[in-house]
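Asker: Any chance you can model this:
(2 chains)
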Amino acid sequence: MELDSNHPGGSNGAGSGAINREAITFSATGSEYFRIWIVNLLLSIVTLGIYSAWAKVRRNRYFYSSTHLAGSSFEYHGNAVAILKGRIAAVVLIAAYNIAFQVSPFIGLIMFVVMAAVLPWLVWKSLQFKLYNTSYRGIRFGFGGSAKQAYKYFLWLPLLNMFTGGLMTPFLHQRLKRFQHTESRFGTSHFSFDATVGSFYKTYLLFFALLFGGFLVLIFVVFGSVFASFAANAGDASKAGSILLAIGALYLYAFTVLPLFLTMIQNLIWNHTRLQQHQFQSQLTWGRTTFVMLTNLLGIVVTLGLFTPFAHVRWLKYRLESTALLAQGSLDEFVAATGQQVSATGEGVVDLLDFDLSI
Amino acid sequence: MEIDSQPAGVAARYFDGHSSRLYHVNLVVQGDQALISGDIERRCPLVQLHVSERSSHAVRKVSFPDGAYLEIADQAAFNSLLHDSGHRDSWVVRLQQSWRGALLALAATLLALWFSYQYLLPLAAKGIAYALPVSVERQLGQGVLDMLDRHVFEPSKLAAARQDALRAQFARLATPDDTVLEHRIIFRKSKIGPNAFALPSGDIVLTDEMVKLMPDDQAVMGVLAHELGHLQRRHLTRRIIQTSAVGAGAALLLGDVSTVVATLPPLLLDLKYSRDVEREADDYAIAMLRHNGIALEHLAQVFVALGKLDTDTPYLSSHPASAERVARIRAAQ
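Answerer: You can find the predicted model right below:
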């Protein structure tokens, strides 16, 4: 299949019909996922983590089968035994890494180099595993890419970015997303990605301007009142109170600006992603994202973690249902790629090291 | 969903696994065969089909061996079809789908977590720590003393003769179990006041301020016995194992949500282990003094003296409150 050109809503490509906005719907509920989560958690604990691979499969099957697009749902095909092997490999690798530094700095350094050498390859394999094991309408997704690209995007560019003091981060982010999205396939059809480096820089700049601008204002206002309470020789309680208030205000501000960044970057990425002639659309809003994230955090802290599954579903539901596919013509014409097998080792490591590749 | 014209028929959407084309079909079960008809016709033995797990909100799926599958939205009709064809949910699914099962799982989870934290983990950590050769623990502490010497300590102002006398006095004491790990007692002047601690390298560091704070040399012996207790009981290795296990557990449970939230429980949960370790070292010191016929009151005086500097509270401190420790030592007399 060939890649389309860059006019959203243009009439090139295979489809000839009108554009149909197909919003994703997510039918999972917190109460049902809570029951799946708690049973999974118990079985994972009593089996010393071995069951966690099966738990992951159960959870993903539930979430994928609850995600609907144009009347059909997604499906997860990950194999629990493969995931378990990946997790065991990951545990061994991570334990070796941690022990190496305790034993001697030199061995630690060697282990660090080993990790740096294998991680990009593992992350690449994990992307392949994740996409290969996702299907929609009976067609599996897939991920191409080469080891060379994996090392370029997951090792060399991040290293270069480190030496330039992080100034290349937006560039790196754009390149990573471009790599991820253009190498992704649905059957034989490739995704495409056309967000520019400039638009990433703009988003990052806006975020940092707001973050530091806001911090400055807050420091000025709130710490002004702290100094005032000190200058007025107020009691210890009121001094402590005003300091806590100041720190609380800074945290709260950070927690409202971070969702803005997530919102903008997610919208930027998906509004510039297409599957052939079908354009994606993402309409997250700052207010709603902030509300969901803050209430989720609060809920989890107040319930000592029991709210976690509800929070998970709320966040997924909001994110997924803000995404739509502007389908141009029929979705009946995708063709499956001839089967290819992928290993789950990367998946296990990426799971445990907690890389979020979705943003 | 449309109403089925046939009994035991369920409306379904069929995908062949080769293209994304949607076929509207009707599914019926005839004996040990499943039959679909409509946009496409197909027959397949029931044993070759895989049915996805029951759920009230996710779409149910029936997969064919070749990758084709059916999507079924009408849960009620499909459940009765499954029931009639003798399909049984797995026990995990039955547990997940009932609130009673889920609450039972919740209670069992809390019990398992508490039991592991309270008994299993300390026991396992102890087993592992004693199984590891001492040289492994010694490896852990390399470089710590150098770092402290650079930033916290100055050379001791105590006379060399006085240092040697204290060392010799402690060396003459017998340990309660008559085994003793290789250790070295070193003196330092510190910027952090009276303190004594054992390093995994086998060094027991005693600050000049601590020696001066002690009412008599027997009390200094009590302090050294306590620190030797930490070494003999492999406390450092045990703490490392316990702390990393609690940290890993919290990260797995809460890490999805926030790394900040996930770091709080380990900090709080570690306090119990920290106090347990101090108690064990106190017990070792009690046993050692008693073994050598030194009155325990000398050890009690250590904590009386420290207690005068102490502003800690028993709940948020890493050491048990001094008064509590004095009471324990006196009770052991």
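Asker: hey, where'd the strands end up in the chain?
Answerer: Picked chain A for this. Taking DSSP state E, the strands of chain A run over residues A:19-26, A:67-69, A:72-76, A:134-136, A:139-143, A:184-186, A:189-193, A:273-275, A:278-282, A:323-328.
Asker: that's the wrong chain, I wanted chain B
Answerer: For chain B, the strands defined by DSSP E cover B:10-15, B:23-30, B:33-38, B:42-45, B:50-51, B:60-63, B:69-72, B:153-155, B:184-190, B:196-198, B:203-207.
Asker: Look up how far chain A lies from the residue minimising distance to the centre of chain B.
Answerer: By C-alpha atoms, centre = their mean, chain B has its centre lying nearest to B:V246, at 2.4 Å. Relative to chain A, B:V246 is positioned 14 Å away (C-beta to the nearest C-beta, to the nearest Å). C-betas here are computed from N, CA, C, even on glycine.
Asker: Also B:D74?
Answerer: In terms of C-beta to the nearest C-beta, B:D74 sits 14 Å off from chain A.
Asker: same check, this time on B:Q48
Answerer: According to C-beta to the nearest C-beta, B:Q48 and chain A sit 17 Å apart.
Asker: Burial check on the closest residue to that residue other than its chain neighbours, number of neighbours?
Answerer: Of all residues not flanking B:Q48 in the chain, B:P65 sits nearest, at 5.0 Å (C-beta to C-beta, 6 or more residues apart in numbering or on different chains). Using other C-beta atoms under 10 Å in any protein chain shown, B:P65 has 10 neighbouring residues.
Asker: swap in B:V180?
Answerer: 13.
Asker: just B:V302 next, same as before
Answerer: By other C-beta under 10 Å, 28 other residues sit near B:V302.
Asker: pLDDT wise, what is the closest residue to chain B within the stretch 201-350 of chain A at?
Answerer: With C-beta to the nearest C-beta as the measure, A:F334 is the residue of the stretch 201-350 of chain A nearest to chain B, at 3.9 Å. pLDDT recorded at A:F334 is 84.
Asker: which ones are touching it?
Answerer: A:R137, A:I139, A:F186, A:G187, A:T188, A:S189, B:S19, B:S20 (C-beta atoms under 8 Å, 6 or more residues apart in numbering or on different chains).
Asker: Ramachandran coordinates for B:G17?
Answerer: phi 90, psi -10 (degrees, to the nearest 10).
Asker: per-residue confidence at it?
Answerer: 86.
Asker: Can you name the residue of the stretch 101-250 of chain A nearest chain B?
Answerer: A:G138 (3.3 Å).
Asker: Would you agree that residue is in contact with B:A68?
Answerer: Yes - A:G138 lies in contact with B:A68 (C-beta atoms under 8 Å); the separation is 6.4 Å.
Asker: Show me how the record splits chain A into domains.
Answerer: A:91-188+A:343-359, A:196-262 (automatic domain parsing).
Asker: Give me whichever of these is most buried.
Answerer: domain A:91-188+A:343-359 (a mean of 17; mean count of other C-beta atoms under 10 Å in any protein chain shown).
Asker: ok now that one, how far from the chain's centre?
Answerer: Domain A:91-188+A:343-359 sits 13 Å away from the centroid of its parent chain (C-alpha atoms, centre = their mean, to the nearest Å).
Asker: Then stretch B:121-130?
Answerer: Worked out by C-alpha atoms, centre = their mean, stretch B:121-130 lies 12 Å from the chain centre.
Asker: distance of B:A124 from B:S322?
Answerer: 31 Å (C-beta to C-beta, to the nearest Å).
Asker: ok, residue 35 - how many residues close by?
Answerer: Answering for chain A, as no chain was given. When neighbours are counted by other C-beta under 10 Å, A:R35 comes out with 21.
Asker: could you do chain B instead?
Answerer: Neighbours of B:L35 (other C-beta under 10 Å): 16.
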